[in-house]
Structure formats: C-alpha cells, structure tokens
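S.K.: could you work out the structure for the sequence below:
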Amino acid sequence: MPTPRQSPAARFAALSPEEQAIWLDPAEAEFCQHGFQRASMNRILAHAGQSKGRSYHYFADKAALYRATLLRAFARVEGLDDTPVLQAQDAQEFWARAVGLAAALAAALQRDAALDALLRGLFDDKAAQNAMAEPLEQLRARVAAMIVAGQYKGAVRRDLPLPLLCEVTLGLARILDRWFADAAPSMPPEHAADLSQRAFGLLIAPLLPPDPA
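M.R.: Below you'll find the model as predicted:
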C-alpha cells in the first residue's frame with residue numbers, strides 16, 4: 001500500500017536545526033529588513049544558496065517560509081508558558097502570574113531585535129497577518145482561555161463579551177509594543193524594563209471588574 005506523501009511543512013520539520021537555519025537565517029534577515037510584502041524570495045534563496053525548485057520541497061510559498069521564520073523566533077523566547085496563569089488559585093495570584101508572563105515577553109523583545117522587528121511587521125501588515133492566520137487564531141484562543149480563567153477567579157470582568165475583551169487586549173498589546181519599539185532603544189535598559197512593567201497596568205485596566213459603586 002503506498003505511503004502518503006509528506007507535506008512540504010512536514011519535510012522541513014524533519015530537518016535538523018542546523019539544516020533549517022540555512023533557510024531561516026537569511027529569511028529572518030530579509031523579513032526584518034523589508035517586511036513580508038516587500039521581502040524577496042529570490043534574495044532569500046540567493047543568500048541561502050538554494051534553488052527555487054528546492055524551496056518548493058519545503059515551502060509551498062513565501063507565506064509558509066514566513067510562518068516558519070516567525071515560529072522559530074517565538075520559540076527562542078523563554079518563560080512564555082501560560083499554564084501558571086491558567087492554574088492560579090485566586091485573583092491576586094492570577095494577576096501576579098499574568099504580570100510575570102508579560103514581563104517575560106517584554107524582556108524577550110528588548111533582547112531580541114529580530115523578534116521585535118518581525119512582530120511589528122506582523123502587526124502592521126495585513127498580508128503578513130493573513131500568512132500567520134492559523135498561529136494568530138491560536139494566540140487569540142490562548143488569550144481567551146486566560147481571560148475565562150481570570151473570570152472564574154474574579155480577576156476579570158464578566159459584563160462584556162469575551163471576543164471584545166480579547167480584541168481589546170490584543171489591540172492594546174500591539175500599541176504598547178509599537179511604542180516601546182520606538183522609545184525603548186533610547187532608554188537605559190533598567191528604565192525600559194521598569195516602564196514596561198508599569199505600562200502593563202494599561203493593558204489590564206479594561207479587564208478589571210467594574211467598581212460595584
């Protein structure tokens with residue numbers, strides 16, 4: 001009985017990290033500099049020393065290479081496990097763990113200029129968002145799960161629709177990331193880290209339960 005053919009993504013996933021880097025290192029540099037729409041597959045292939053025919057063995061199109069590039073960049077970030085937030089026992093613990101999760105992401109963006117550039121390109125480019133539609137939907141699902149967990153602990157308001165709370169959270173996160181991407185490079189690292197933690201209050205304020213009064 002014939003075995004099913006592997007998809008390009010499965011073939012690429014089977015490569016070693018060193019073999020994947022041959023493709024992803026030049027792709028990351030290209031997407032950081034030019035964004036998704038203006039990035040050139042020809043330039044990426046030239047720097048990778050690979051042919052266009054060979055690229056189709058691993059990537060269906062430029063969007064697939066973009067997804068692989070961003071997913072590798074996110075995999076470099078440590079401390080992004082949302083399980084502790086979901087397992088918090090009360091509202092105070094929920095927000096303490098959520099602050100820790102946000103701080104881990106902010107620190108990663110300050111350390112990793114390529115990840116920060118890729119993330120800003122994703123936020124600003126509709127075509128890039130379409131290329132990352134499935135991972136972004138997974139992110140929305142994770143944000144929704146954390147909001148629901150916070151509601152059960154009394155940490156998050158229940159008087160607004162869950163999809164609205166998710167979009168507000170993601171929208172404010174994009175605004176904060178853009179602002180810090182522009183402002184943080186001119187700040188001392190310790191000041192930027194302190195400011196990012198305090199700015200997290202802007203992100204959680206719309207989620208807090210309304211004052212009963």
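S.K.: domain ranges for the chain?
M.R.: What automatic domain parsing lists as the domains of the chain is 8-74, 78-207.
S.K.: so can I have TSV of those showing mean pLDDT and mean neighbour count?
M.R.: To be clear about C-beta, it is placed using only N, CA and C from the backbone, and glycine gets the same treatment. Converted to TSV, the domains of the chain look like this (pLDDT from 0 to 100; neighbours: other Cβ atoms under 10 Å):
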stretch	mean pLDDT	mean neighbour count
domain 8-74	94	16
domain 78-207	87	15
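S.K.: from what I can see Asp82 touches Ile147, true?
M.R.: No - using Cβ atoms under 8 Å, Asp82 is not in contact with Ile147; the gap is 11.2 Å.
S.K.: so what touches the helix or strand hosting Thr69?
M.R.: For Thr69, the enclosing helix or strand under DSSP states H and E is helix 62-75. Here helix 62-75 makes contact (Cβ atoms under 8 Å, 6 or more residues apart in numbering) with 8-9, 12, 20, 23-24, 27-28, 31, 36, 39, 41, 44, 55, 59, 80, 112, 114-115, 118, 122, 128, 130-132, 134-135.
S.K.: now do 6 Å
M.R.: 24, 27-28, 31, 36, 41, 59, 115, 118, 131 (Cβ atoms under 6 Å, 6 or more residues apart in numbering).
S.K.: and what of stretch 26-33?
M.R.: 39, 43-44, 47-48, 65, 69, 114, 117.
S.K.: Gln89: which of those is nearest?
M.R.: Relative to Gln89, the closest of the contacts of stretch 26-33 is Ala114; by Cβ to Cβ it sits at 37.3 Å.
S.K.: what angle sits between whatever helix or strand the closest one lives in and helix 62-75?
M.R.: Using DSSP H and E, Ala114 sits within helix 113-124. Angle, helix 113-124 to helix 62-75, by axes from the mean of the first three to the mean of the last three Cα atoms, to 10 degrees: 130 degrees.
S.K.: so which elements touch whatever helix or strand comes next after helix 113-124?
M.R.: Note on helix 113-124: by DSSP H and E, the next helix or strand toward the C-terminus is helix 126-131. Using 3 or more Cβ pairs under 6 Å, 6 or more residues apart in numbering; DSSP states H and E, the elements in contact with helix 126-131 are helix 17-38.
S.K.: angle of the helix it packs on against helix 62-75?
M.R.: Computed by the same axes, to 10 degrees, the angle separating helix 17-38 from helix 62-75 equals 120 degrees.
S.K.: now the helix or strand following helix 17-38: how far from the chain's centre is it?
M.R.: Next along the chain after helix 17-38, taking DSSP H and E as the criterion, comes helix 41-48. Offset of helix 41-48 from its chain centre (Cα atoms, centre = their mean, to the nearest Å): 25 Å.
S.K.: likewise stretch 140-159?
M.R.: On Cα atoms, centre = their mean, the centre of stretch 140-159 falls 19 Å from the chain's centre.
S.K.: how about stretch 180-191?
M.R.: The chain centre lies 20 Å from the centre of stretch 180-191; the measure is Cα atoms, centre = their mean.
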